[in-house]
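S.K.: Below are the sequence and a predicted model; questions follow.
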Amino acid sequence: MSPDEFGKYKGAYDLSNGKTLYLIRKATRMYARVDEQGEHEITRSGNGQFQALDGKMWMELVWANDDSVSGSLNYIDESPSVAGLEPKVISIQFASR
């Protein structure tokens with residue numbers, strides 16, 4: 001994906017759980033992170049769809065005619081887990097951009 005194409009997606013997105021998704025570009029690589037969690041290198045997997053190369057995050061962004069964005073984000077919560085419990089997958093909707 002060219003820098004110009006990614007420019008449409010780059011930025012901060014408010015999530016319905018009060019957290020923020022950040023999509024950024026560093027040189028030729030694209031990254032995503034939720035608040036203070038770690039960055040994940042992402043790749044485009046379809047029209048408006050991205051997934052992390054490490055498999056810990058995937059998302060779909062849908063643009064409306066008025067340039068508003070909706071969609072969904074799924075990511076593995078990297079918060080410290082309770083002993084013996086598997087990390088949980090968070091599935092959340094976009095609130096706004």
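M.R.: On my side now, so go ahead. Numbers count the residues shown, from 1 in each chain.
S.K.: which residues in this protein form strands?
M.R.: Counting by DSSP state E, the segments of the chain that form strands are 11-15, 20-26, 29-34, 40-46, 49-52, 57-63, 69-76, 89-96.
S.K.: Any chance of TSV for those strands, columns distance to D4 and mean pLDDT?
M.R.: No exception for glycine: its C-beta is placed from N, CA and C like everyone else's. Shown next, in TSV, are the strands of the chain (distance: least, Cβ to Cβ, whole Å; pLDDT from 0 to 100):
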stretch	distance to D4	mean pLDDT
strand 11-15	14	93
strand 20-26	11	95
strand 29-34	13	95
strand 40-46	13	94
strand 49-52	16	96
strand 57-63	16	93
strand 69-76	18	92
strand 89-96	22	83
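S.K.: what would those strands look like in TSV with mean neighbour count and distance to M1?
M.R.: Below are the strands of the chain laid out as TSV (neighbours: other Cβ atoms under 10 Å; distance: least, Cβ to Cβ, whole Å):
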stretch	mean neighbour count	distance to M1
strand 11-15	15	15
strand 20-26	15	9
strand 29-34	18	7
strand 40-46	15	5
strand 49-52	18	9
strand 57-63	19	13
strand 69-76	17	17
strand 89-96	14	20
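S.K.: Include distance to E5 when you put the ones you listed into TSV, please.
M.R.: Converted to TSV, the strands of the chain look like this (distance: least, Cβ to Cβ, whole Å):
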stretch	distance to E5
strand 11-15	14
strand 20-26	11
strand 29-34	10
strand 40-46	8
strand 49-52	12
strand 57-63	13
strand 69-76	15
strand 89-96	19
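S.K.: Test my guess that N74 contacts W58.
M.R.: Yes. Assessed by Cβ atoms under 8 Å, N74 is found in contact with W58 at 5.2 Å.
S.K.: For L73, which non-adjacent residue is spatially closest?
M.R.: Nearest non-adjacent residue to L73, counting by Cβ to Cβ, 6 or more residues apart in numbering: M59, 4.4 Å away.
S.K.: do Y9 as well
M.R.: Y9's closest residue in space is L23 (Cβ to Cβ, 6+ apart), at 5.3 Å.
S.K.: Sweet, I'm off.
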